[in-house]
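1. Return a 3D structure for these sequence lines:
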Amino acid sequence: MTPFGARLRALRQDRGVTLQQLAQALHVSAAYLSALEHGRRGRPSAGLIHQVNEYFGLIWDDAEDMVRLARLSHPRVTLDTSGLSAEATELANLLASRIRTLPGDTIQRLRRVLDEGAGPGGRG
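-> Here you go, the predicted structure:
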């Protein structure tokens, strides 16, 4: 599941909207929305994000958060460590090889470390 997909599913369920209802309103297939929710599709287009925001009446910070979540929702990430240190390359490779087996609490701790190291402006 992707961050955008998880948020989309939560919005849908909180408001009692079925996949079919949302798909019809957005003029996409229910299969596509299901694939978005489960991380089997990449980032949604800016247009679809806008439609979702309008459908659910999201404005300001909530709408911006959907854009941010979509940006962080590519299920097949590629890291380019060329020009970085050997330690950075090793870290990227370790993460790639072990991410599927990391417990949730470890993932949360790593996120906090990365968020703290992001400097002014936080996540991105």
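
2. what residue of this protein is the furthest out?
-> The outermost residue of the chain relative to its centre, with distances by CA atoms, centre = their mean, is Ala86 at 28.2 Å.

3. Quick check: that one vs Val113, distance?
-> According to CB to CB, to the nearest Å, Ala86 stands 20 Å off from Val113. To be clear about C-beta, it is placed using only N, CA and C from the backbone, and glycine gets the same treatment.

4. Next: Gln24.
-> Using CB to CB, we find Gln24 at a distance of 43 Å from Val113.

5. wait, Leu72 sits on Pro3?
-> Yes: when contacts are counted by CB atoms under 8 Å, Leu72 is listed as touching Pro3 (5.2 Å).

6. So Gly83, which state does it fall into?
-> Three-state call for Gly83 (DSSP: H, G, I helix; E, B strand; the rest coil): coil.

7. what about it, distance to Ala118?
-> 20 Å.

8. gap between stretch 98-109 and the chain center?
-> Distance of stretch 98-109 from the chain centroid (CA atoms, centre = their mean, to the nearest Å) equals 16 Å.

9. what does stretch 99-114 give?
-> Centroid separation for stretch 99-114 versus its chain: 15 Å, with CA atoms, centre = their mean.

10. what's the answer for stretch 71-89, then?
-> 16 Å.

11. Check stretch 81-95 too.
-> Relative to where its chain is centred, stretch 81-95 has its mean C-alpha point 23 Å off (CA atoms, centre = their mean).

12. residues of it that come out buried?
-> Ala92 (16 or more other CB atoms under 10 Å).

13. hey, C-alpha coordinates of that stretch in CSV?
-> Extracted C-alpha coordinates of stretch 81-95, given in CSV (Å, rounded to 0.1, in the frame of the first residue of the first chain):
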residue,chain,number,x,y,z
THR,A,81,23.8,7.0,-5.2
SER,A,82,26.3,7.9,-7.9
GLY,A,83,28.6,10.6,-6.6
LEU,A,84,27.7,9.8,-3.0
SER,A,85,29.8,8.2,-0.3
ALA,A,86,30.3,4.4,-0.1
GLU,A,87,28.4,4.5,3.1
ALA,A,88,25.4,6.1,1.4
THR,A,89,25.5,3.4,-1.4
GLU,A,90,25.7,0.7,1.2
LEU,A,91,22.8,2.1,3.2
ALA,A,92,20.7,2.3,0.0
ASN,A,93,21.5,-1.3,-0.8
LEU,A,94,20.9,-2.6,2.7
LEU,A,95,17.5,-0.9,2.8
